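> how would this look folded up:
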Amino acid sequence: MKRLGPVWLVLIGLGLFGCVIASTLIGAYNEMVQSDQQVKNQWAQVENQLKRRADLIPNLVETVKGFAAQEKGIISEITDARAALSGAGTPGEAAQANDALSGALGRLLVVVENYPDLKSDKTFIQLMDELTGTENRIAVARKDYNEEVTVYNVMVRKFPRNFIAGMFGFEQAEYFEVSESDKQTPTVDFNSSGSGN
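All right, here's what the predicted structure looks like:
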């Protein structure tokens, strides 16, 4: 039986080493692709909830207009903020537009306190209930998205995957961050008498 020479042993060793490296690269690449897709999927869930809220707003605005037509400034502000949110292209832009819309909606709730008939209107109450439910869904979707972004960002920054990420163009994902004011949930009691007319 003929023994393999040292050259062949070196070539076989290099071949095995190359297979291990290729297998590691392929595994890491596939994991990053999967995590990247999870981030995109979670962002789609955030967008779905933001759209749901944006779809509720015209009905809310029309209901408020019926009772408080003189509040044109706040209604215009909500309409503009809704349009900015619909046109947002990145999580950062969406977060900024979301902050503006949340602020405008908060100011609307303050205005509503001056209109007891509006506060007791069945349509308004139903819309506010739907809006509250949607806000909760947005919060959950945002949390899920940011958790997935954390997993992905850690993956693309850890050694040695950071080299693989760089080779294949995987960049860190953007968080959907909210302002400090948006972290505060406004408290509005529709059952109180308010200071209204």
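
> what's around Glu148, how many residues?
21 (other Cβ atoms under 10 Å). C-beta: built from backbone N, CA, C; applies to glycine.

> quick one, phi psi at it?
Phi and psi for Glu148, reported as degrees, to the nearest 10, are phi -70, psi -40.

> Apart from its neighbours in sequence, what residue is nearest it?
Gln42 (4.5 Å; Cβ to Cβ, 6 or more residues apart in numbering).

> helices and strands around the helix or strand Ser35 falls within, which ones?
According to DSSP states H and E, Ser35 maps onto helix 6-67. Packing partners of helix 6-67 (3 or more Cβ pairs under 8 Å, 6 or more residues apart in numbering; DSSP states H and E): helix 72-86, helix 91-112, helix 116-119, helix 122-157, helix 161-168.

> Arrange the ones you listed in CSV, one row each, with distance to Gly18 as further columns.
Below are the helices and strands packed on helix 6-67 laid out as CSV (distance: least, Cβ to Cβ, whole Å):
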stretch, distance to Gly18
helix 72-86, 50
helix 91-112, 39
helix 116-119, 72
helix 122-157, 24
helix 161-168, 16
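
> and these, which one is worst for confidence?
Sorting those by mean pLDDT places helix 116-119 lowest, at a mean of 86.

> Can you give me the buried ones in that helix?
Using 16 or more other Cβ atoms under 10 Å as the test for burial, helix 116-119 gives Pro116, Leu118, Lys119.

> How about exporting it as CSV, limited to the C-alpha atoms?
Written as CSV, here are the backbone C-alpha positions of helix 116-119 (Å, rounded to 0.1, in the frame of the first residue of the first chain):
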residue,chain,number,x,y,z
PRO,A,116,-68.8,67.8,27.0
ASP,A,117,-71.1,66.8,24.2
LEU,A,118,-68.2,65.5,22.1
LYS,A,119,-66.8,63.6,25.1
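
> hmm, back to that, quick one, which of the helices and strands packed on helix 6-67 is nearest to Asn59?
helix 122-157 (5.7 Å; Cβ to Cβ).

> tell me which strands and helices that closest one is in contact with?
Going by 3+ Cβ pairs under 8 Å, 6+ apart, helix 122-157 lies up against helix 6-67, helix 91-112, helix 161-168.

> tilt between that helix and helix 91-112?
160 degrees (axes from the mean of the first three to the mean of the last three Cα atoms, to 10 degrees).

> Next, the angle from helix 122-157 to helix 6-67.
Interaxial angle, helix 122-157 versus helix 6-67 (the same axes, to 10 degrees): 160 degrees.

> And helix 122-157, what's buried?
Here helix 122-157 shows 124, 127-128, 130-131, 134, 137-138, 141-142, 144-146, 148-149, 152-153, 155-156 as buried, counting by 16+ other Cβ under 10 Å.

> wait, doesn't the residue nearest to Glu148 sit right on Arg142?
No. With contact defined as Cβ atoms under 8 Å, Gln42 does not count as touching Arg142 (9.1 Å).

> now, which of the buried residues of helix 116-119 sits nearest Lys65?
Leu118 (10.2 Å).
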